[in-house]
Structures are given as C-alpha cells and as structure tokens.
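*Asks:* here's a sequence, model it:
(chains A, B, C and D)
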There are 2 protein chains.
Amino acid sequence: MSHRPFHHGNLRAVLLEQAEAVLRERGIDALSLRELAREAGVSHGAPRSHFVDRKALLDALAERGFVRLADQIREAVSQVPADHARTLHAAASAYLRFAERDPALLDLMFATKADGPPEAVRSAAERLFGVMTGIMDAGVEAGAYDRSDVGRLTLLLSATVQGISTLVTSRRITVSQGETLIDDAISVFLRGVSAERHG
Amino acid sequence: MSHRPFHHGNLRAVLLEQAEAVLRERGIDALSLRELAREAGVSHGAPRSHFVDRKALLDALAERGFVRLADQIREAVSQVPADHARTLHAAASAYLRFAERDPALLDLMFATKADGPPEAVRSAAERLFGVMTGIMDAGVEAGAYDRSDVGRLTLLLSATVQGISTLVTSRRITVSQGETLIDDAISVFLRGVSAERHG
DNA sequence: TACTGAAAGTAGACGTTGACTAGTTTCTAG
DNA sequence: CTAGAAACTAGTCAACGTCTACTTTCAGTA
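*Replies:* Next comes the predicted model:
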C-alpha cells in the first residue's frame, strides 16, 4: 500500500491549475488556500511553501494570465493572412475569447492594486503589450501608421479592446454585441488614424 | 448621560458612506461588515437589517457608483460650450477623474458577476449609458453622426473610455498618459466615424 | 390612547478562513 | 555521510460572514 509521499513534488503547479479552475467555475470569492490544499491532498499549511499568502497566489495567477493571453493572441495572429486589418481583428477576437472563457481571471489581471502591480505581474503585462506593439509595428510596415505613432496607437487599441472585454464580462453587453463592437472599433480606428495622417 | 438610542436612525446611509471611504482608502479586501458596524457604533448584526449579506452591500455600492458617475459626467458636460468634440472630452475626462478617485469602486462596478448584475445595478448602469447616449445624440444634432449609428458608437466610446480608465487604475499607465490617451481616442474616434460616413 | 405587528438592533454561536509557529520529513549539495 | 535548506505537518489564533433567538422601538390603527 503506497503511502502518499511526504513531498508532493508538484504542488505549486497543481495549486495554480486548480486555482485557475476554481476561478473559472466559481469566481475569485470561492478561491480558498485551504480548499486548494485539501483537494491537492496536502495539509492546510503546505501552500505556504510556495505562496507566502493569498495575495501571492493571486499575483501568480495574474502573471500566468498575461502570459497565456499574450500567447493566444500571437497564436491567433499567426494563423491569419498578412493583412493588417485582419490581423487586428484576429488579435481583438482572441482577447475577447480569453475574456469570455476567463472573466474572473481578466478581472484579477486588471484589478486595482494599492501600490501598483508587483514586478512579476508588471513584466508579464508588458509581454502582452509587447505582442500588441509587434502587431502595430507590422501595420507600420504595411503603411498604416507612422512609426512615431505606434506607442500611443497601441495603447489606444489595447484600451479599447480591454474596454469591450469588460463590457462583456460584466454582462453589460452580450458576447455577440462584443464581437460586433470589435468590428466597429477596428473600422473606426483604422479610418480615424488614416484620416489623421492624410487629413 | 445620554444613552445612545436603540435606533440609529440613519444606519443604512452611514454604512454606505463609510464603506465608500474604506473602499477608497483601503480597497475592497479591507471592507468588513463587522468593522463598519463597530465604527457606526452598532452591534455586528445590525447591518443585516439593511443588507442581507456582504454581496448586497457591494451591490448597493456599485449602484451608487453608477449613479454618481452618471451625474458627474452630466455635470461636467453641462459646464462646457456646446461643441461636440469638447463635450466628448469633458465626459471622458470626468470618467477618468472618477476612476482616479475611486479605482476600487470602478472595479466593483464592472466586476464579473456569475449571473449578471442584479436588477438595481443593471438599471443604474443603464442610467450611465443613458447619459452617454444623450451626449452622442447631441452629436447627431451637430451633424457628427447618423442617428442610426448612435447605439453602436455610444457603446464604442464607452468601452474605450472604460478601457483607458482600467489601464490607469491598474497602474499600467500614468494618469497623464491616460489624459493623453483620451485626446487620442476622441480624435481618432471622430475622424474615423466621419471617414466611415463620407469615405 | 392603548395595542399590535413590523422594523431595527442586540447577543451569542458556528464554521471557515488566512496567518503564524514549532517541529518533522525529505531532498540536495558538498 | 552529513549538514542545511526546502517541503510539509499539525496546532493555534483572531477575524469574518452568517444564522438564530430575543429585545427594543416605531408607526399605524381600532
């Protein structure tokens, strides 16, 4: 009869994955260190070896969220012809899909923090912003923007997509309204930028 | 010696105001029904007469937040000349100021809810949306939009401003970057919409 | 005015949680 | 082989949300 080993061997990863599932299925309020420990079959103090406190776990979740979102956007963009408008659409749609699947996680990623996000989260968020910047850089190659405008325009596009996602996750609008909104946003964005340059 | 009266007389209002202060100064995690009761000088069970549970208090806070935000936007808009671009700017700036002053409350207002927001919150949110729609309607009068586009364009503008606010409250960008972003957003928005019509 | 039911508040209890501490087992590097 | 670090256990504590039974006050009506 195999006694379970003293060392779980994998605890940190298991806790994070269970936590993501709980977040997805029951929201952040249902996320308890003790419950995670129970379901992982370890004592209630065990998570402490990997996360100093609950906030540390939440930060790790947010960090992973940013990394995953960035990857999913990159992935989505890579599977679309090299047309800038379609690229924007692919990126924004991937963002919205993420929001749809993990609303509580997205909340967590952009939650207000007293002294700003911890370094690990900040850098993961920058990774996402880096992906967005890459997409906009491609737009420069395609002649859609001036290089000097990429910074502010990336920010504007990111904010818009984030705002649309928020409206969806907070149930202010439906998913399909969200999809329509993305079309509108990209259309207005591209025309607006173009008009700013040649107007 | 005046014994404090059995009936507080004002408890609900006092709890809400204290709660807003706590939210503003220490964030949502620091918001405890028992602490609110203590500071109001009532027993720990007293709040239950006015809010069935903690969630009910949070919902009431979100509701008031929407009402206040809507009022502040209307107020800001009213104090600006009847130029549409400047009106948009006044509205967006008021929104951002609200976010800046009450980041945790804004989070709460747009937090993910399992089954969507309760009716009271939903209707307060619609009040905000109503104010935004009114602003856009004025844009129709001024010839900036087709009447048939007001719905989607109001949504787009609201999402964009909300997204910018989120970037600021989550400390992804500074307040002054947020202000610049608002300028960019409105500029691109107006030109983009105009180009869509006459392009 | 006295009465009565509803509303508002009290007091105590319960289970759960996050956090802390001290001690134990396992791993790992020298 | 051994020492020290890392991982985990077990027990404790205060705080919280919630629930229940009870008491005080208020407001409307007979």
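
*Asks:* got the residues of chain A near DNA strand C?
*Replies:* Selection of chain A residues close to DNA strand C by CB under 7 Å from any atom of the strand yields A:5-7, A:31-35, A:44-45, A:48, A:52-55. The way it works is simple: take the backbone N, C-alpha and C, and place the C-beta from them, glycine included.

*Asks:* so which of those residues would you say is closest to DNA strand D?
*Replies:* A:Gly45 (2.9 Å; CB to the nearest atom of the strand).

*Asks:* OK, contacts around the nearest residue to A:Arg147 once chain neighbours are set aside?
*Replies:* Distances taken as CB to CB, 6 or more residues apart in numbering or on different chains put A:Val140 closest to A:Arg147, at 5.1 Å, once the chain neighbours are dropped. A:Val140 is in contact with A:146-147, A:150, counting by CB atoms under 8 Å, 6 or more residues apart in numbering or on different chains.

*Asks:* among the residues of chain A next to DNA strand C, which ones are buried?
*Replies:* Neighbour-count burial (16 or more other CB atoms under 10 Å in any protein chain shown) applied to those gives A:31, A:33.

*Asks:* isn't A:Pro47 right up against A:Leu16?
*Replies:* No: applying CB atoms under 8 Å, one finds A:Pro47 not in contact with A:Leu16, separated by 10.3 Å.

*Asks:* ok, those two, which is more surrounded?
*Replies:* A:Pro47 (23 against 18; other CB atoms under 10 Å in any protein chain shown).

*Asks:* who touches both of A:Pro47 and A:Leu16?
*Replies:* Counting by CB under 8 Å, 6+ apart, the residues touching both A:Pro47 and A:Leu16 are A:Leu57.

*Asks:* quick one on the thing from earlier: also near chain B: which of the residues of chain A next to DNA strand C, exactly?
*Replies:* For chain B, no contacts are drawn from the residues of chain A next to DNA strand C by CB under 8 Å from any CB of the partner chain.

*Asks:* if we can go back for a sec, just curious, which of the contacts of A:Val140 is nearest to chain B?
*Replies:* When these are compared for distance to chain B (CB to the nearest CB), A:Val150 wins out at 12.2 Å.

*Asks:* in the strand or helix carrying that closest one, what counts as buried?
*Replies:* Here A:Val150 sits within helix A:150-169, counting by DSSP states H and E. Of the residues in helix A:150-169, A:150, A:152-169 count as buried by neighbour count, 16+ other CB under 10 Å.

*Asks:* packing partners of it?
*Replies:* helix A:84-101, helix A:103-109, helix A:119-141, helix A:175-198, helix B:150-169, helix B:175-198 (3 or more CB pairs under 8 Å, 6 or more residues apart in numbering or on different chains; DSSP states H and E).

*Asks:* need those in CSV with mean pLDDT and distance to B:Leu128, can you?
*Replies:* Shown next, in CSV, are the helices and strands packed on helix A:150-169 (pLDDT from 0 to 100; distance: least, CB to CB, whole Å):
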stretch, mean pLDDT, distance to B:Leu128
helix A:84-101, 98, 21
helix A:103-109, 98, 19
helix A:119-141, 98, 27
helix A:175-198, 96, 17
helix B:150-169, 98, 8
helix B:175-198, 96, 17
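
*Asks:* name the residues of stretch A:77-86 that are buried.
*Replies:* A:77, A:84.

*Asks:* who are the contact partners of A:Tyr95?
*Replies:* A:69, A:73, A:161-162, A:165.

*Asks:* now the contacts of A:Val140 as JSON lines including distance to A:Arg64?
*Replies:* Below are these laid out as JSON lines (distance: CB to CB, whole Å):
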{"residue": "A:Asp146", "distance to A:Arg64": "35"}
{"residue": "A:Arg147", "distance to A:Arg64": "32"}
{"residue": "A:Val150", "distance to A:Arg64": "27"}
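
*Asks:* quickly note the distance from the nearest residue to A:Lys113 once chain neighbours are set aside to B:Pro103.
*Replies:* Spatial nearest neighbour of A:Lys113, excluding adjacent residues (CB to CB, 6+ apart): B:Arg171 at 6.5 Å. According to CB to CB, to the nearest Å, B:Arg171 and B:Pro103 sit 9 Å apart.
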